[in-house]
Structure formats: C-alpha cells, structure tokens
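A.B. asks: next one to model:
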Amino acid sequence: MRSCVLVLLLLLTASGCGGPPGDQGLVHRISSRVESGAVVDLADLAPFVWPRVHVFEPYTTEADAEQQMGVAWPDEWPWSAVETLDDRTFLVFVRDSAIVSAFDYLRVDGDFASEPLDAPDGLSPEAARFDVLFKGDGSAALVPEAVTPSESEE
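C.D. replies: Okay, here's the model as predicted:
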C-alpha cells in the first residue's frame, strides 16, 4: 500500500498538477547554450510543438499577457513572479489557444529582456532564435538573431 501511495505521489508530481506545464528541461538547455555562446534556438531546444512563444519582460501583468497572447491564463495556475520581480522573464509557449509550456527564466542566466522584443503576436519557431552577446560585466544578453535578407530579396 505504501508503495502505491508513493507511486501516485510521483505521478502527480511529474504531471505538474497545480501549475502550468513546466519547462521540460528547457531552462537547462537554454542555460547550456548561453554558457557556450551558441545561438539559442527555441525551436531546436523545445521538446514539443508550438507555433508561438511569448517572452514577457519584468513587471508584465497577467492581464497584459492575456491580452497579448489572446489566451486566458487558467485560474488554477498561479501567475508568474515576473509581475513583481525584475530578475526574470516569463516564456509562454502557445498552441491552438492553449498554453503548452510556461516558465520563468532568470535574467542572470541569460537576459531575454536586455532589449525590448518587437513581437506583440509572439515569435514563431523560425523567429525564436537569439544571439548570445556577452557584456563587459560577464552577463549575457539574448538578442533576436539578425535576419539576413536572402539573395532574392536584395
């Protein structure tokens, strides 16, 4: 009986009951890319399908995020601490008007908010690529990868 209860608790913990679908190891994979200075390609790193990711800067309110995403934040999930803290950004992956994954990302591990993103509709997988720029103080800014026009557009 005790082992059944333990297994049930483990399953509930692994399923993420009580909060949004977690980062699924994505935080670690992003941090590893940042440390190595490699391009952070969210489409390559995320182990799930998503057509849009929203990167919310510090002090973004739940209401502002809902308006931008066009998706209501589920009442049963606590909102991110990004609303009151400036040490993190909040990444929310959306598919078919549903949240696929959402997590806080500490800016000390790579700063998605070093420059404002001009992406009110979120970023597509193709656009969710970030160059890592190391600053003089050792911190890392994650800036959208420069888009190079193709030869046919020149």
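
A.B. asks: dig out what the residue nearest the centre of the chain forms beta bridges with.
C.D. replies: Nearest to the geometric centre of the chain sits residue 91, at 2.5 Å (C-alpha atoms, centre = their mean). Beta bridges link residue 91 to residue 55, residue 103, judged by DSSP bridges.

A.B. asks: going forward, begin numbering at 421 instead of 1
C.D. replies: OK, 421 is where the count begins now, so the last one is residue 511.

A.B. asks: that one: what's it in contact with?
C.D. replies: 473, 474, 475, 476, 521, 522, 523, 525, 532 (C-beta atoms under 8 Å, 6 or more residues apart in numbering). Glycine gets a C-beta too; all of them are placed from N, C-alpha and C.

A.B. asks: mind doing that once more with 7 Å?
C.D. replies: Contact partners of residue 511, counting by C-beta atoms under 7 Å, 6 or more residues apart in numbering, are 473, 475, 522, 523, 525.

A.B. asks: before we move on, what about residue 472?
C.D. replies: 514, 542, 543, 544.

A.B. asks: where do the strands of this structure begin and end?
C.D. replies: 460-461, 472-476, 508-515, 518-526, 549-554, 560-564 (DSSP state E).

A.B. asks: export these to JSON lines and tack on distance to residue 454 and mean pLDDT?
C.D. replies: Below are the strands of the chain laid out as JSON lines (distance: least, C-beta to C-beta, whole Å; pLDDT from 0 to 100):
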{"stretch": "strand 460-461", "distance to residue 454": "6", "mean pLDDT": "98"}
{"stretch": "strand 472-476", "distance to residue 454": "14", "mean pLDDT": "97"}
{"stretch": "strand 508-515", "distance to residue 454": "13", "mean pLDDT": "96"}
{"stretch": "strand 518-526", "distance to residue 454": "10", "mean pLDDT": "94"}
{"stretch": "strand 549-554", "distance to residue 454": "5", "mean pLDDT": "96"}
{"stretch": "strand 560-564", "distance to residue 454": "5", "mean pLDDT": "95"}
